[in-house]
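Student: Kindly generate the corresponding structure for this input.
(chains A, B, C and D)
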Protein chains: 4
Amino acid sequence: MNPYLLASRESKSTPTIIPVGGCEIGRDFMVIAGPCSVESAEQLFKTAEAVKKAGANFLRGGAFKPRTNPYSFQGLGIEGLKLLAEAREKYALPVVTELLNVEHLEITAHYADIIQIGSRNMQNFELLRAVGKLKKPILLKRGLSARLEEFLSAAEYILSSGNPNVILCERGIRTFETATRNTLDLSIIPLVKELSHLPIIVDPSHASGKASLVKPLSHAAKAVGAHGLIIEVHPNPKEALSDGEQSLDLAQFSELMLSF
Amino acid sequence: MNPYLLASRESKSTPTIIPVGGCEIGRDFMVIAGPCSVESAEQLFKTAEAVKKAGANFLRGGAFKPRTNPYSFQGLGIEGLKLLAEAREKYALPVVTELLNVEHLEITAHYADIIQIGSRNMQNFELLRAVGKLKKPILLKRGLSARLEEFLSAAEYILSSGNPNVILCERGIRTFETATRNTLDLSIIPLVKELSHLPIIVDPSHASGKASLVKPLSHAAKAVGAHGLIIEVHPNPKEALSDGEQSLDLAQFSELMLSF
Amino acid sequence: MNPYLLASRESKSTPTIIPVGGCEIGRDFMVIAGPCSVESAEQLFKTAEAVKKAGANFLRGGAFKPRTNPYSFQGLGIEGLKLLAEAREKYALPVVTELLNVEHLEITAHYADIIQIGSRNMQNFELLRAVGKLKKPILLKRGLSARLEEFLSAAEYILSSGNPNVILCERGIRTFETATRNTLDLSIIPLVKELSHLPIIVDPSHASGKASLVKPLSHAAKAVGAHGLIIEVHPNPKEALSDGEQSLDLAQFSELMLSF
Amino acid sequence: MNPYLLASRESKSTPTIIPVGGCEIGRDFMVIAGPCSVESAEQLFKTAEAVKKAGANFLRGGAFKPRTNPYSFQGLGIEGLKLLAEAREKYALPVVTELLNVEHLEITAHYADIIQIGSRNMQNFELLRAVGKLKKPILLKRGLSARLEEFLSAAEYILSSGNPNVILCERGIRTFETATRNTLDLSIIPLVKELSHLPIIVDPSHASGKASLVKPLSHAAKAVGAHGLIIEVHPNPKEALSDGEQSLDLAQFSELMLSF
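Tutor: Alright, predicted model coming up:
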C-alpha cells in the first residue's frame, strides 16, 4: 500500500489550501518570522513589532526547546507560550510554535495558530497521531536524514488520524558538507508538488546556519516554487540564547522583505 | 559545558558494569536475540526456546513497533508485552523491549528487564528524561544520523535525570551506500570506550539488513571490542511481519553462537 | 597556508570576469546547453540549431564520456570533437566539452572554447595542473563528495599553475536521498561568492536526474546568484545514449529560456 | 549488461589468488605497512626494518602524493621510488606504491611489486585502463563516495583491459560523522566476497584517521573476513610530513602484529 496515500496527488489532485489568520497557505507566498527561542517579553515584542511592520504573516518562537546538549537553555516553557499569545494580540500576528510532547498538546493548541513538529520528532509517531486528532494546522519539518518517501509517510500519520491541515517544511538534511549547518535540499520542493497536494515551505535559517545565506536562499526557495518561508529573527543575534549565528537582525529582515 | 559530562571518562574513569539477570553487561560479552516483532505466542516461544538453548542471554521482541509506513503492522501492543513476560518465565530469559512513549512507560517497565529506546527516539528528550527517572537499564540506540557527540549527549539526558544504567547500541548510520540497509560504524566502538565509561553493543541485523552479513559482522563487533550483540531471529524469516530479510532462522542463530 | 589562496577574496577582491565568445562570464547570466553525449551529426546539429534559437550562449556535448559501467557507450571520441567544431561554425555557438586525460589535452584545447573537468576528475591533480598551463577557460565541476574547501583547493591547482580563467560548477552532491540523482547544494553559490572571486554556475540536469525538475531548479539557481546554467538538451531524450531521463527536449528548453 | 561481469562470482566462482613475493593474496592474511610518504632514506629504512621484523609482508610508501592542498608536500617523486626499491632489496620486502598518472606508469611498474590506485582515482578510467594492460597486481582503493557497484565496476575496467590481478581495498567512506576521518564500511567485505572472486583488504589508518583506532579496527577487519591490511607506520608520527595522526609508531605496529 502507498505509504503516503492520503498525501498523494492520486488521492487528491487539487492543491490543499489552508486558511489561517487571513493567509491562504498553499496559495499565497507567506512568511513566518521570529526568534528561535522566546527569551523575554521585551525580546519577543520588539521582534514581533518589527516583523509585522516588515510584512511577515506569522510570528514564530520556541517555548519548549529541544536541545542536543542537556545543559543548554531549554526554553521558557508555558511562560513562553503566554508571551506568544500576548504578542499575537498586541501585533495581530498569528503564532507558530513547536510541540515537543503529548503532555503539552492541549495548552499548545490553546495558544498556537499553527503547531510545529520539529525535525527530531518527524518520526515520533505518537506525537504525529496526537496532532492528527486536532483540526489545527500542523507544520511538519523534515527529519535530518529523512528520505522524501519517509517525509510524506510522516505526514500520512497526521492525515490518516483525521487532520488534513499539514504544511510541510524543508529545513536542510545532514550530509558530509560542513561549510553549512545542513544542506538545503530545494529539489524536493517541485518533487513534493508533483507527488503531493500538500503545501511546502522552506527554512533557510536552520538549513544554512549562517545569516548571510538567508537572503539568497529565500529567493531561491521562492523561485523553486515553495509556498513560504520560516525565518529566524532576533533583535540582537549576538546575544541570542540559541541559533544566534543564523538569525537575521530586525534591519536585515526588513531588507529581505523589501527585496521580494 | 561538556554536553556528555556524566557519560565521560573524566567524570568516571572505571567502566560501568550493569548486572541484569545473571549477566554483567560491560564485562561479559552478552547476546540479545529474538524476533523484530512479537507476532504470536507460538512464534515467540519457539524462538525463545531456541535462542536460550543456543546460549543467548536475553530475549528481544517488539510489542509496539515504530513503522515508517502508517499502514504497516504496528505490533501486538500490551498483548505482546504479556507474551514476552510469559516467555521470560518459561525459558528463564530476561527481556528487552522498546518503549515508544511515556504513556507506556509504567507497563513496559513492569514487564521488561531492559527498556530499549529506538533510533528514531534518540532525541525524543521527553522520553529520555522519563526513563532517566527509573533505575531499570536502558538500551539506547544511536540515531540514523547522529554524530558521536550527539549520541553521548542523548545518554547524558538519561544519566543527568538520575539513571546511571545506560547501555549504548551502534546499529548503523544512514549514508549514500544502498548495498546495505545502513552503514555499520564499528569505529565508534573503540572511540566510545575511550571517551565514555558506558557499555556499548552492536546490532548487525538492522545495520546490514541482510541475514548473510550478520555472522561476519558479529565477529567483527566482538573483535573491535563491543560488549555484546542484539540479533534478530525468527523461526521463519520469509513470513516475518517485519524485517524478515535481516533475520536469522533458528539454525543460523545456533550456528552463529557456536562459531564464537 | 590557505589552500585556496589565489582563489580567495583576500588575494583578489573584485569578481573574475571571463570573456568568451561574446559573453562575459561572471557578469552576464549565461546558459550552456546541448546533449550529454555527441551521438551523431544530425542529433548535434538539430540540438545546436534549437538551443541557439532559444538563446543559449554555449553548446555543450561530450565526445569522451566517463562511464561507471565499462560496457556503456563511451562517446564518439575525436569524431565527436570535430562535430562540435562544425556545429560551432554552423550555428555561431562557442563549445564546452569535457577533457578526460592529458593525452587529449591538445586536441580538445584546439576544438573547445571552454574545457570542462568533470566531477570524477575534480581531484585528478595532474589534469588540473595540465589545464593550468593553458589560458583557455576551464569549467571545473564539483566532485560528488567534495567539501567546499576541497572544491576551491581544486581550483587553486589550476590557478597556481598559471591559468586564472576558472569557472566553478555546482552539480549536486551525493547524499542518502534517492528521490533525486544527487542533492543540488545551492547554498554554496552565495558562500563561494563570499569566499572567492571566481564565477560559479549550476548544472540542474545532473543534480536532479529528472527533466521535470530542471526548470524550477534553474530559476532557483538564478535567484540564489549563480552566474549561469549548464543544461542537458536532446532532440529525443527517450532514445539518448546517456542521461535521457534528465534531458530536456527542444521544446522544453525553448520554454525554459522564455520563462526567465 | 552486468557492469562487473568479469569481477563477479557468476563469471568465476573460485576465489582469485594472487601470488606476490612469497605471499598468496586472497588465501593468506597479509599485512602491508609503511609510511604514508617516503620522506628520506633514514625514515624509510628504519620503518622497513621494523615492519619486516614485526612480520609485515609488504612495504608501502608514497612517492607521488595526491594532496588536497596544492601547497602541501607532494612527495619525493622518482627519488622516492628509488628509495623504495633500495628498501626492498635491503629488507626483502616487496613494495606497494601509488600511481597517479599514466606518465609514471612505466617507472612505477619497474620499481613496484603492487601498484596502488588511490581513492581519488577510482574513476580515473584512463588510468584504470592503462594498468589493465599490465600483469602486475593492482591495489584498487574504494572512492570516498563510491557505492559497491561502482567499486566493482572500477575493478571491471582493469579486468576487462586484460589484467586479472586486482586486489580491492576498503578505506572508509565519506559520511556526516566527523569523529573519525572517514567511516570504515566493514559490511562490504563479506558482501564483496559474496558477489566477487577478488581479494579485498582493509585500510584502518585512512578510515579512522586516529592511531588509537587502528588496532581494534584491524582485528575487526580480520574477523569480518578481509584478506589483509594496509597500515601506516612512521618512526616518529608527530613529525610526519603527512598523516601523522593516524600513523602507528614502530613499537605500536610491533604490538599490533603480536596481538593477532
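
Student: can you tell me the helix or strand for the nearest residue in space to A:Leu148 that is not next to it in sequence?
Tutor: In space, and not counting its chain neighbours, A:Leu148 is closest to C:Ala179: 4.0 Å by Cβ to Cβ, 6 or more residues apart in numbering or on different chains. All C-beta spots, glycine's among them, are computed from the backbone N, C-alpha and C. Element membership for C:Ala179 (DSSP states H and E) is empty, with no helix or strand holding it.

Student: Would you mind listing what in the stretch 101-250 of chain A touches chain C?
Tutor: Residues of the stretch 101-250 of chain A lying near chain C by Cβ under 8 Å from any Cβ of the partner chain: A:145, A:147-149, A:173, A:175-180, A:183-191, A:194, A:207-208, A:210, A:212-213, A:216-217, A:219-225.

Student: which of those are buried?
Tutor: For those, a neighbour count by 16 or more other Cβ atoms under 10 Å in any protein chain shown gives the buried set as A:145, A:147-149, A:173, A:175-177, A:179-180, A:183-191, A:207-208, A:210, A:213, A:216-217, A:219-225.

Student: These in strands, which ones?
Tutor: Here DSSP state E is the test, and those give no hits in strands at all.

Student: I'd like to know how many residues surround A:Met1.
Tutor: 8 (other Cβ atoms under 10 Å in any protein chain shown).

Student: now do A:Glu126
Tutor: Neighbours of A:Glu126 (other Cβ under 10 Å): 20.

Student: A:Leu229 now?
Tutor: Around A:Leu229 there are 26 residues (other Cβ under 10 Å).

Student: So which of the residues of the stretch 101-250 of chain A next to chain C are in helices?
Tutor: Among these, the members falling in helices (DSSP state H) are A:148-149, A:188-191, A:194, A:207-208, A:212-213, A:216-217, A:219-224.

Student: Tell me where the stretch 1-150 of chain A has strands.
Tutor: Ranges of strands in the stretch 1-150 of chain A, per DSSP state E, counting those that start in this stretch, are A:18-20, A:23-25, A:30-34, A:58-60, A:95-98, A:114-117, A:138-141.

Student: What helices and strands are in contact with the last one?
Tutor: Packed against strand A:138-141 by the contact rule (3 or more Cβ pairs under 8 Å, 6 or more residues apart in numbering or on different chains; DSSP states H and E) you find strand A:114-117, helix A:148-160, strand A:166-170.

Student: Other residues contacting the last one?
Tutor: Spelled out, that is strand A:166-170. A:7, A:16, A:18, A:25-26, A:114, A:137-142, A:151, A:155, A:158-159, A:184-186, A:188-189, A:192, A:196, A:198-203, A:207, A:226-227, A:230 (Cβ atoms under 8 Å, 6 or more residues apart in numbering or on different chains).

Student: ditto for the shortest one
Tutor: For strand A:114-117, the external contacting residues (Cβ under 8 Å, 6+ apart) are A:20, A:32, A:58, A:60, A:94-99, A:108-109, A:124, A:127-128, A:131, A:134, A:136-141, A:167.

Student: go on, the longest one?
Tutor: When contacts are defined by Cβ under 8 Å, 6+ apart, helix A:148-160 is touched by residues A:3-8, A:122-123, A:125, A:128-129, A:131-132, A:138, A:140, A:142-143, A:146, A:166, A:168, A:188, A:191-192, A:195-196, A:198, B:68-71, C:177, C:179.

Student: Quick one, which of the residues you listed are buried?
Tutor: A:3-8, A:122-123, A:125, A:128-129, A:131-132, A:138, A:140, A:142-143, A:146, A:166, A:168, A:188, A:191-192, A:195-196, A:198, B:68-70, C:177, C:179.

Student: how close does A:Val202 sit to chain D?
Tutor: 21 Å (Cβ to the nearest Cβ, to the nearest Å).

Student: Tell me what that residue is bridged to.
Tutor: Counting by DSSP bridges, A:Val202 is bridged to A:Glu170, A:Leu229.

Student: So which residues on the stretch 51-200 of chain A come close to chain D?
Tutor: So far as Cβ under 8 Å from any Cβ goes, the stretch 51-200 of chain A lies against chain D at A:Arg174, A:Thr175, A:Phe176, A:Thr178.

Student: so how many other residues sit close to A:Lys135?
Tutor: Neighbours around A:Lys135, by other Cβ under 10 Å: 10.

Student: Quick check: it touching A:Ala109?
Tutor: No - using Cβ atoms under 8 Å, A:Lys135 and A:Ala109 do not qualify as a contacting pair, with a distance of 9.5 Å.

Student: What's the end-to-end length of stretch A:24-37?
Tutor: 26 Å (Cα to Cα, to the nearest Å).

Student: ok and the residue in the stretch 1-150 of chain A nearest chain C?
Tutor: A:Leu148 (4.0 Å; Cβ to the nearest Cβ).

Student: how close does that residue sit to B:Ile138?
Tutor: From A:Leu148 across to B:Ile138, the span is 32 Å (Cβ to Cβ, to the nearest Å).

Student: ok, now A:Gln116?
Tutor: 28 Å.

Student: Quick check: pLDDT value at A:Gly244.
Tutor: Model confidence at A:Gly244, expressed as pLDDT, equals 88.

Student: To clarify, my last question referred to A:Met257.
Tutor: Taking A:Met257 on its own, its pLDDT is 98.

Student: A:Phe253 too?
Tutor: Residue-level pLDDT assigned to A:Phe253 equals 98.

Student: buried ones in the helix or strand where it lies?
Tutor: According to DSSP H and E, A:Phe253 maps onto helix A:250-258. By 16+ other Cβ under 10 Å, the buried positions in helix A:250-258 come out as A:Leu250, A:Gln252, A:Phe253, A:Ser254, A:Leu256, A:Met257.

Student: So what's the gap between it and the chain middle?
Tutor: 19 Å (Cα atoms, centre = their mean, to the nearest Å).
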